[in-house]
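Colleague: With the sequence up front, the predicted model follows.
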Amino acid sequence: MDDPMISTKYPIWNHSGDGKINLDWKEFGNSLLNATPNGIAVFSKSFQTIISNKIARNSLDIYPGALLDTTIPPLQAAIRKVLETKQALLNIVIKKKGNSFSAMLNPIFHNNELIGILAVFEDMTTIEKISSEMVSFQQLSIELDTIIDSSNDGLFICDGNGVILRINPASERMTRITSKKFVGKNIRELVKRKIIDKSVTLEVLKTRKKVNLIQETKDGKQLFLTGNPVFDPNGNLFRVVVNERDITDIIKLKQELEEKAQLTAQYKRDLLEKQIEETESRHIIAKSSNYVKIIQKAIKLAEVDSTVLVLGESGTGKGVITDLIHKYSTRAGHPMIKINCGSIPDSLVESELFGYAKGAFTGARQKGKPGKFELADKGIIFLDEIAELPLGSQVKLLKFIEDGVISRVGGTDSKKVDVRIIAATNRDLKKMIEKKQFRSDLYYRLNVVPLKIPPLRKRKECLVPLIDHYLNLFCKKYKKKKMALSSEAVDALVAYPYPGNVREMINICERLVVMSQNSNIEYKDLPGSVQRKTEAGTPVIEGWNQGQTLQQMVDELEKTVLETVLKNCRTQANAAKILGLNQSTIARKLKKHNLA
């Protein structure tokens, strides 16, 4: 038997010889009180503990004989109130040993006289913990609801069968699918009724994976949807959470940016075309597509400081392209020094390129002399015929490219200069490297951006405008009347392969102007080399009237082509596309020929 409720101890019952049980009511009451799940105690009017059960003793330290002011002082005030009012008190909170109890105090009467107080203590710790957890859960639920409802992104939640469980306000605004009308319905019904064109939820249910797609609403909004599967501990898909984001403005902005990019590209093309047209004033005629690309590339290269290696046959105009790069570069206000590496004696190459100091050699200037690199500081140096540079000088050039520092021949001081290098050659440098005639390391330093100029025979479209340009140029120079070519002469000049390229073509034009006796140039007036190469003859171009200038022929042909194309095209844009020109160019040419 556990500790007694009172200070004496008796057996609960005794067995008599006749089998009857003699019940000991005092012990029975003791066992009865210990069987209850609550703490129970009886206090006298003097606040002394008369009876207490096991829970009261173990949990609240209430033992028979003990005074309340030593065990639970706060309870004493409540008992006093019961003694005064003779009324029961409920829900009195008692804290003891870290636990919470709810006490109920009832007055005890005997013969209508109040003789004590019965106290019942209910352990509230577990209930309070559960209640606290419930409050936290409710608070969390409220916060979650607030977050979901306040989100600018739409949230659309379905169960594992596709039944709609929740739609937040943002989703309602975006999709016009309301909670009131559609929660509880299956997402398949929305697809069937064509309320939505496709369902990311159904895709998630099908694939059991995260799915992204773009959906267009009935009012034209573009929504980016992300469907996420949610699995229970057993791996069953029991929720699909869809995040919806309105990307209509983003797509619109993207389209605007693309349109601006296209417009910018068009402006760049127009500017480039204008720049190409401006090059004609510098005797650069670009009519063939391959040469137009070279001009475009050269103008593009003008924007940067990369080293350029210009390749091409002799006479193709490598120096002209270099001038073009200089003209459109940020270094245009600084010098461009041109050096023909093949024209300098080997013994003088280094002193010419890098200069020499005072007294460097016999015959040297008293004050020394700056080299071409020093003179080209902040500008461009053009090393023509770079393949002819001696191997010893190649080493020094390589060192300069690597560190940008020069040292004069015979001097001890060094100087850093800012020079952009453009080199050119008509020779095959790779073959020269194989023969040990050119350094491979220098080649790779120079060949940062190669620019290969096509020979004149591979840009036939340029020939007629070029010949016309130079004939007019030399007519002005020698004060002669404007000359016209016969169609046979034009055919022969176009068919000629020009082994000397542009340089040879210019010489032929000058010879024709100087040697012709009248303003009409016939086939017989052409140089013998041209006649021999075209002896078999080429067909005369139909529709060309003898006596017309080349430019008149070109203009007439251009007008005919434009008229023909416009008959088959509804818009200038289509005509531009067919002819491979910008719309602005078409508009300008139409205006030129009074076709607009």
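Modeller: Cool, the structure landed. Residues are numbered from 1 along each chain as shown.

Colleague: Please enumerate the strands of the stretch 51-200 of the chain.
Modeller: For the stretch 51-200 of the chain, applying DSSP state E, counting those that start in this stretch gives strands covering 89-96, 99-110, 113-123, 154-159, 164-167.

Colleague: And stretch 429-443, how far out from the chain middle?
Modeller: Remark: stretch 429-443 is offset 42 Å from the chain centroid, using Cα atoms, centre = their mean, to the nearest Å.

Colleague: hang on, I meant stretch 515-528
Modeller: Chain-centre distance of stretch 515-528: 63 Å, with Cα atoms, centre = their mean.

Colleague: Stretch 403-420 now?
Modeller: Per Cα atoms, centre = their mean, the centroid offset for stretch 403-420 relative to its chain is 43 Å.

Colleague: From here on, call the first residue 46.
Modeller: In the new numbering, first residue 46, that becomes stretch 448-465.

Colleague: in that stretch, what counts as buried?
Modeller: By neighbour count on 16 or more other Cβ atoms under 10 Å, the buried set for stretch 448-465 is 451-454, 456, 460, 462, 464-465. Bear in mind the C-beta positions are built from the backbone N, C-alpha and C, glycine included.

Colleague: Identify the farthest-apart pair in those.
Modeller: Greatest spacing in the buried residues of stretch 448-465, by Cβ to Cβ: Gly456 and Arg465 (24.1 Å).

Colleague: Would you mind finding the most buried of the strands of the stretch 96-245 of the chain?
Modeller: strand 199-204 (a mean of 21; mean count of other Cβ atoms under 10 Å).

Colleague: Each with direction, which strands does it pair with?
Modeller: The pairing partners recorded for strand 199-204 under DSSP bridges are strand 209-212 (antiparallel), strand 282-291 (antiparallel).

Colleague: can you redo those strands as a markdown table with distance to Ala620 and mean pLDDT?
Modeller: Output for the strands paired with strand 199-204, formatted as a markdown table (distance: least, Cβ to Cβ, whole Å; pLDDT from 0 to 100):
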| stretch | distance to Ala620 | mean pLDDT |
| --- | --- | --- |
| strand 209-212 | 54 | 90 |
| strand 282-291 | 41 | 91 |
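
Colleague: Can I get those in TSV including distance to Leu159?
Modeller: Compiled in TSV, these are given as follows (distance: least, Cβ to Cβ, whole Å):
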stretch	distance to Leu159
strand 209-212	60
strand 282-291	62
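
Colleague: now for the strands of the stretch 96-245 of the chain, which one comes closest to Leu474?
Modeller: So among the strands of the stretch 96-245 of the chain, strand 199-204 is nearest, using Cβ to Cβ, at 64.5 Å.

Colleague: tell me which residues in the strand or helix carrying Lys476 are buried?
Modeller: Applying DSSP states H and E as the criterion places Lys476 in helix 474-479. Residues 474, 477-478 are the ones in helix 474-479 that count as buried (16+ other Cβ under 10 Å).

Colleague: Check stretch 235-250 too.
Modeller: Result for stretch 235-250 [16+ other Cβ under 10 Å]: buried residues 235-236, 241, 244-250.

Colleague: and if you look at stretch 525-540?
Modeller: Here stretch 525-540 shows 528-538, 540 as buried, counting by 16+ other Cβ under 10 Å.

Colleague: Specify which member of those residues is nearest to Glu603.
Modeller: Using Cβ to Cβ, these come closest to Glu603 at Val535, 15.9 Å.

Colleague: Alright, that wraps it up for me.
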